[in-house]
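Novice: fold the following for me, if possible:
(2 chains)
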Amino acid sequence: MQNKLSGWSRAYLIIVFIILYTPILFLVLYSFSKGNTMSNFHGFTMAHYQTLFNDPRLLQIVLDTLIIALLSSLCATVVGTAGALGIYETRHRSVRQTVLSLNNILMVSPDVIIGASFLIFFTMLGIRLGFISVLLSHIAFSIPIVVLLVLPKLNEMNASMIDAAADLGANPWQTLTRVILPAIMPGIFSGFFMAFTYSLDDFAVTFFVTGNGFSTLSVEIYSRARQGVDLEINALSALWFLVSLLLIAGYYFLNQYNQGRKTKRREVGAIIK
Amino acid sequence: MAKTIIEFQDIVKEYGDTKVLKGINFEIEQGKFYTLLGPSGCGKTTILRIIAGFTDATRGNVMFDGKKINNVPANKRKVNTVFQDYALFPHLNVFDNVAFPLNLRKVPKKEIRTKVLDALRMVQLSGFEEREISEISGGQQQRVAIARALVNEPDVLLLDEPLSALDMKLRKEMQYELRALQQRLGITFIFVTHDQEEALAMSDEIFVMNAGQILQTGSPVDIYDEPINHFVADFIGESNIVRGHMVADYRVAFAGKEFDCVDAGMRQNEPVEVVIRPEDLDITTVEKGALTITVDTQLFRGVFFEITGHDDTGNMWRIQSIHSTEVGAKVGAYFDPEDIHVMRFNESEEDFDARLETYEGEDSDR
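Specialist: Down below sits the predicted model:
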């Protein structure tokens, strides 16, 4: 690995990041603007944040969005992990490949098609469009993501550990909970977080299957944007962005902390030795 | 005679059309060190997996302590395994790895602690309890795997090429330790390896295998001195194998000459193969030698010179000698009648043993 980036690659990197982050920073900047449009910056104010916190409907939607994301990613993690285990255990090569392909097709097919097909499916079953239909569809499109993230961890896992567990007296359930799940936990966690973010920012599927009275953030922002972007939305986006930053920072520091603890223990061990 | 603990009755294992095991029969007695020895792919690991319960036999009975255990799942069998890759649990530290089987059985915490510490002391890993698996060396991981397999106090310990990942020096050390451990505990060990030196050094009894069959069973000395056929003679130790024929009982002809030997019970003029170990051949003058050999190459191996050459009829000979000679020189090779071992073609182990009995009985009568 090169330690120092050459001048050109450094410039390239900076330009890419500027292009990626400018719109977001622009959005955040205008959330503090006194005006009501994003055409000109009219001086600093927190007014939009005040309106935001005084808008119970919008806050309710934020809460709903989070609940949907949390519930759907939890369910999808459980179902997806079970699915990955099932695929892993399948001895028959062609069956395994087929199931995996069916899983991948769901990953790559356009959201619009999935959304439309869910809409038809729910109407046919007579399920009322709203919280339940959104939750079910989010679970459904999150499962393939979890499967795809858990399966490599299973394949990476030393298979003789399963034999070893049985050899040492573990029944299949104990083998699962005490050996396999701990081994694939990183995959399960990343599956959960992926499913969570997919659910948070899904627009197309939710747009199809949501009914009146229930909405998620992306659908709400879309419908408001059609009447011209309100700077209240900017304030919300800024907060949303801040939360994401905090989450990532938290994840980073958690990692650092774990690493530090391991090194520390190693040092202590060395001293004892 | 010790009690039979494991018995294989006509075990056949097929994967689709390929027969991995072709009718395996053996008895394992309690308290001995057994080795399954053979080249890779000969079915030795499959035997181990059938004993452990990870693989089912296609046909035949597996008996444990007199009871058929074909349908007993692996977690209910009183055998434990040391895996080739150790199969330690990376999310648990050394203590918890060893305590794993005890935790499963809900042994009281205090008892677990004493048992684990005992097991770790046994493999000389006291003080390593809190280490992570990733923090200890391969040799130490190996010991943890052994401690974990022994902490359950199994009747039989299965070892699947456990030393193959260690370096030469550590491997030798572990051979001594394993042997000592087995003798101290009195547990039956079944050890799988393709390393004949390892097998000879450690075992009470060796099963030599090839292509899904057991070719010969016996003590290391028996197998080394009296290999049943070309494969065994070649696989175990180094050998000179030449063709010849029996002239009469205790007379064998090869390399254009007749020699006294200690083998009998064969037809007159029956074609045979003759084995003489390189270390049994002594270099001497041409006049004193039983065979005249022209030296082709000479390698210095430290303890001895390894000399290869050919006799007048074109047979190749390998000789280990402490005295050097010169390439191109003609030397005499001397050996005693006891150094000659005669093998018949296609003789089964049963016939081999029966034949040995007929004339070895005579010997003791005389």
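Novice: so what's the closest residue to chain A within the stretch 251-366 of chain B up against?
Specialist: Residue nearest to chain A within the stretch 251-366 of chain B: residue B:349 (31.3 Å; C-beta to the nearest C-beta). Just so you know, the C-beta spots here come from the backbone N, C-alpha and C atoms, and that holds for glycine as well. Contact analysis of residue B:349 by C-beta atoms under 8 Å, 6 or more residues apart in numbering or on different chains lists B:214-217, B:228.
Novice: tell me, how many residues neighbour residue 126?
Specialist: Since you didn't name a chain, this refers to chain A. For residue A:126, the neighbour count with other C-beta atoms under 10 Å in any protein chain shown is 6.
Novice: you looked at the wrong chain, it should be chain B
Specialist: Using other C-beta under 10 Å, residue B:126 has 11 neighbouring residues.
Novice: Three-state assignment for residue A:228, please.
Specialist: coil (DSSP: H, G, I helix; E, B strand; the rest coil).
Novice: point out where the stretch 151-273 of chain A drops to low pLDDT.
Specialist: By pLDDT under 70, the weakly predicted segments of the stretch 151-273 of chain A are A:229, A:258-273.
Novice: repeat the analysis, applying 90 as the threshold.
Specialist: A:156-160, A:167, A:169-171, A:183, A:185-187, A:189-190, A:193-194, A:196-198, A:200-204, A:209-273 (pLDDT under 90).
Novice: tell me the residues of chain B that contact chain A?
Specialist: For chain B, the residues in contact with chain A (C-beta under 8 Å from any C-beta of the partner chain) are B:52-54, B:73-76, B:79-81, B:83-85, B:87-91, B:100-101, B:104-105, B:127, B:130-132, B:135, B:148-149, B:152.
Novice: among the residues you listed, name the ones in strands.
Specialist: With strands taken from DSSP state E, the overlap with the residues of chain B next to chain A comprises B:79-81.
Novice: ok so, going back, how about the contacts of residue B:349 in TSV, adding secondary structure?
Specialist: Output for those, formatted as TSV (three-state DSSP):
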residue	secondary structure
B:214	strand
B:215	strand
B:216	strand
B:217	strand
B:228	coil
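Novice: make a PyMOL selection of whichever of those residues turn out to be buried.
Specialist: Remark: buried members of the contacts of residue B:349, expressed as a PyMOL selection using 16 or more other C-beta atoms under 10 Å in any protein chain shown:
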select buried, chain B and resi 214+215+216+217+228
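Novice: can I get the contacts of residue B:349 in CSV including pLDDT?
Specialist: Converted to CSV, these look like this (pLDDT from 0 to 100):
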residue, pLDDT
B:214, 89
B:215, 88
B:216, 88
B:217, 89
B:228, 85
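Novice: out of the contacts of residue B:349, who's nearest residue A:169?
Specialist: Distances from residue A:169 to these, taken as C-beta to C-beta, are shortest for residue B:214 (29.9 Å).
Novice: list the contacts for that closest one?
Specialist: The contact partners of residue B:214, by C-beta under 8 Å, 6+ apart, come to B:24-26, B:207-208, B:349.
Novice: out of those, who's the most crowded?
Specialist: Neighbour max across those (other C-beta under 10 Å) = residue B:208, 27 neighbours.
Novice: hang on, the earlier thing: among the contacts of residue B:214, name the ones in strands.
Specialist: Going by DSSP E, the strands hold B:24-26, B:207-208 from those.
Novice: identify the farthest-apart pair in those residues.
Specialist: By the measure C-beta to C-beta, B:25 and B:208 form the most distant pair in the ones in strands among the contacts of residue B:214, at 14.5 Å.
Novice: circling back to that earlier point, quick one: buried ones out of the residues of chain B next to chain A?
Specialist: So, by 16+ other C-beta under 10 Å, the buried ones in those are B:52-54, B:74-75, B:79-81, B:83-85, B:87-89, B:100-101, B:104, B:131-132, B:135, B:148-149, B:152.
Novice: check contacts around the residue minimising distance to the centre of chain A.
Specialist: Residue closest to the average C-alpha location in chain A (C-alpha atoms, centre = their mean): residue A:197, at 2.1 Å. For residue A:197, the contacting residues are residue A:69, by C-beta under 8 Å, 6+ apart.
Novice: cutoff 10 Å now
Specialist: Contact partners of residue A:197, counting by C-beta atoms under 10 Å, 6 or more residues apart in numbering or on different chains, are A:69, A:73, A:142, A:145, A:244, A:247.
Novice: would you map the helices across the stretch 1-150 of chain A?
Specialist: Under the criterion DSSP state H, counting those that start in this stretch, the stretch 1-150 of chain A contains helices at A:7-30, A:47-53, A:56-89, A:93-108, A:111-125, A:131-156.
Novice: any chance of TSV for these, columns mean neighbour count and distance to chain B?
Specialist: Formatted as TSV, the helices of the stretch 1-150 of chain A follow (neighbours: other C-beta atoms under 10 Å in any protein chain shown; distance: least, C-beta to the nearest C-beta, whole Å):
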stretch	mean neighbour count	distance to chain B
helix A:7-30	11	34
helix A:47-53	17	44
helix A:56-89	18	15
helix A:93-108	12	13
helix A:111-125	15	36
helix A:131-156	21	11
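Novice: make TSV from those and add distance to residue A:251 to it.
Specialist: Listed next are the helices of the stretch 1-150 of chain A as TSV, based on distance: least, C-beta to C-beta, whole Å:
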stretch	distance to residue A:251
helix A:7-30	19
helix A:47-53	26
helix A:56-89	16
helix A:93-108	24
helix A:111-125	26
helix A:131-156	16
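Novice: for the spatially closest residue to residue A:128 that is not a sequence neighbour, give me its contacts.
Specialist: Leaving aside its sequence neighbours, residue A:128 sits nearest to residue A:211 (C-beta to C-beta, 6 or more residues apart in numbering or on different chains; 6.5 Å). Residue A:211 is in contact with A:122, A:127-134, counting by C-beta under 10 Å, 6+ apart.
Novice: next, residue A:211: secondary structure please.
Specialist: Recorded secondary structure, residue A:211: coil (three-state DSSP).
Novice: separation between it and residue B:166?
Specialist: In this view, residue A:211 and residue B:166 are 66 Å apart by C-beta to C-beta, to the nearest Å.
Novice: for residue A:208, same thing?
Specialist: Distance from residue A:208 to residue B:166, by C-beta to C-beta: 61 Å.
Novice: more neighbours: those two, which one.
Specialist: When residue A:208 and residue B:166 are compared for neighbours, residue A:208 comes out ahead with 23 against 17, by other C-beta under 10 Å.
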